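Q: Predicted coordinates and the sequence they were generated for:
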Amino acid sequence: MRAEFIKMHGLGNDFVVLDARAQALPEMTPAMASALADRHTGIGCDQLIVLGAADNADIAMRIFNHDGGEVEACGNATRAVGLLLGKPATIRTAGGLLHVAPADAGIEVDMGQPRFDWQDIPLADPMDTLDMPVGWEALERPVAVNVGNPHAVFLVPDCDAVELERLGPVIENDPLFPQRVNVNVASIETRSRIRLRVWERGAGLTRACGTGACATAVAAMRRKLVDRAVTVGLPGGDLHIAWPSDDASITMTGPAIESYRGSFEWDDYA
Ligand SMILES: N[C@H](CCC[C@H](N)C(=O)O)C(=O)O
């Protein structure tokens with residue numbers, strides 16, 4: 001059978017989007033998601049997104065990383081779905097219910113409240129998630145945040161000087177993180193601007209990571225290093241993150257792009 005897809009990205013973090021509301025699609029499997037995501041033999045993307053009907057939201061969104069693993073959240077893809085919907089809407093993900101709306105600076109997403117308890121990250125052992133007593137070479141004492149998915153945030157003098165291709169997978173797969181972890185290295189430029197690079201769980205280095213930008217902004221706010229609304233500069237561009245108070249939702253605003261539409265033979269990948 002032929003399946004239609006939409007190729008999209010948020011600041012270069014790219015997606016293949018399958019809308020199961022508009023076509024009868026068989027069940028997606030991790031192996032098929034990984035095959036479709038492959039940039040040499042498949043369509044190629046960081047994450048595969050499957051949209052479907054939802055009982056208690058406007059739409060349901062399933063997220064498969066490049067390695068085929070299904071995960072709870074993807075900030076940039078959430079904005080992409082917001083672009084497709086073109087109006088204020090609710091999106092049900094495994095990480096929770098998200099609210100999206102068109103905004104002057106692209107798409108605004110209510111990402112819900114961050115969680116900080118060690119068991120909510122999750123971590124394998126009890127510890128202070130605001131200043132974890134652990135390290136991997138020069139990367140040490142991270143902040144752990146769950147924004148629907150797990151993140152470790154390392155605040156460093158120069159994030160561009162970090163060998164993230166080498167240290168990222170080591171930290172991602174450390175037993176301290178039972179569900180693995182997204183690895184963020186960030187430098188505070190001013191009280192309203194942070195520079196960020198991300199090694200993503202299940203996807204590696206990406207041009208941008210929406211949940212990483214949210215986790216990093218919240219980590220810097222908890223450490224009193226930045227104001228409660230900041231711009232996060234990623235290799236692919238800027239995201240605007242606000243977290244007005246400790247009991248508030250995180251709001252992320254940024255662009256989303258539809259690149260092109262196409263189709264593929266399902267049986268070639270199943
Ligand atoms: N690699 C992430 C999922 C995608 C996150 C990123 N693409 C974003 O925009 O938030 C994880 O395993 O939690």
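A: Great, that's in hand. Just so it is clear, the structure is predicted and the values come from calculations on it, not from any experiment.

Q: Can you name the residues of the protein that neighbour the ligand?
A: Taking CB under 6 Å from any ligand atom as the contact definition, the chain meets the ligand at 13, 46-47, 65, 71, 74-76, 149, 182, 200-203, 206, 209-211. Using the backbone N, CA and C atoms, a C-beta is placed for each residue, glycine as well.

Q: sec struct for Gly168, please.
A: Secondary structure, DSSP: H, G, I helix; E, B strand; the rest coil: Gly168 is helix.

Q: what pairs with the residue nearest to it when sequence neighbours are not counted across the strands?
A: Once flanking residues are discounted, Gly168 sits nearest to Trp199: 2.6 Å by CB to CB, 6 or more residues apart in numbering. Taking DSSP bridges as the rule, Trp199 bridges to Val183, Leu205.

Q: just Arg193 next, same as before
A: Thr190, Thr231.

Q: quick one, what contacts it?
A: Arg193 is in contact with Val230, Thr231, Val232, Gly233, counting by CB atoms under 8 Å, 6 or more residues apart in numbering.

Q: Please tell me how far stretch 81-97 is from the chain's geometric centre.
A: 14 Å (CA atoms, centre = their mean, to the nearest Å).

Q: now, which of the residues of the chain next to the ligand lie within helices?
A: Using DSSP state H, the subset of the residues of the chain next to the ligand located in helices is Gly75, Asn76, Gly210, Thr211.

Q: will you turn these into a markdown table that also has neighbour count and distance to Trp118?
A: A markdown table is the format used below for those (neighbours: other CB atoms under 10 Å; distance: CB to CB, whole Å):
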| residue | neighbour count | distance to Trp118 |
| --- | --- | --- |
| Gly75 | 28 | 23 |
| Asn76 | 33 | 27 |
| Gly210 | 29 | 24 |
| Thr211 | 30 | 19 |
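
Q: List the contacts of the host helix or strand of Ala35.
A: Taking DSSP states H and E as the definition, Ala35 sits inside helix 30-37. With contacts defined as CB under 8 Å, 6+ apart, helix 30-37 is touched by 16, 41-48, 64-70, 264, 269-270.

Q: go again using 6 Å as the cut-off
A: Residues outside helix 30-37 that contact it (CB atoms under 6 Å, 6 or more residues apart in numbering): Val16, Gly42, Ile43, Cys45, Leu48, Phe64, His66, Asp67, Gly68, Tyr269, Ala270.

Q: Of those, which qualify as buried by neighbour count?
A: Val16, Gly42, Ile43, Cys45, Leu48, Phe64, His66, Gly68, Tyr269 (16 or more other CB atoms under 10 Å).

Q: that's a strand at Phe15, yeah?
A: Yes. Under three-state DSSP, Phe15 sits within a strand.

Q: That one - how many residues pack around it?
A: Neighbour count for Phe15, taken as other CB atoms under 10 Å: 26.

Q: Isn't it up against Ile43?
A: No. Phe15 lies out of contact with Ile43 (CB atoms under 6 Å); the separation is 10.1 Å.

Q: Now do the shared contacts for these two.
A: In contact with both Phe15 and Ile43: no residue, using CB under 6 Å, 6+ apart.

Q: now the helices: where do they sit in this structure?
A: Using DSSP H, helices in the chain cover 30-37, 75-85, 164-172, 210-222.

Q: In JSON lines, list those helices along with mean pLDDT.
A: Formatted as JSON lines, those follow (pLDDT from 0 to 100):
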{"stretch": "helix 30-37", "mean pLDDT": "98"}
{"stretch": "helix 75-85", "mean pLDDT": "98"}
{"stretch": "helix 164-172", "mean pLDDT": "98"}
{"stretch": "helix 210-222", "mean pLDDT": "98"}
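
Q: Pick the most buried one from these.
A: For the helices of the chain, the largest average neighbour count (mean count of other CB atoms under 10 Å) is found in helix 210-222, namely a mean of 28.
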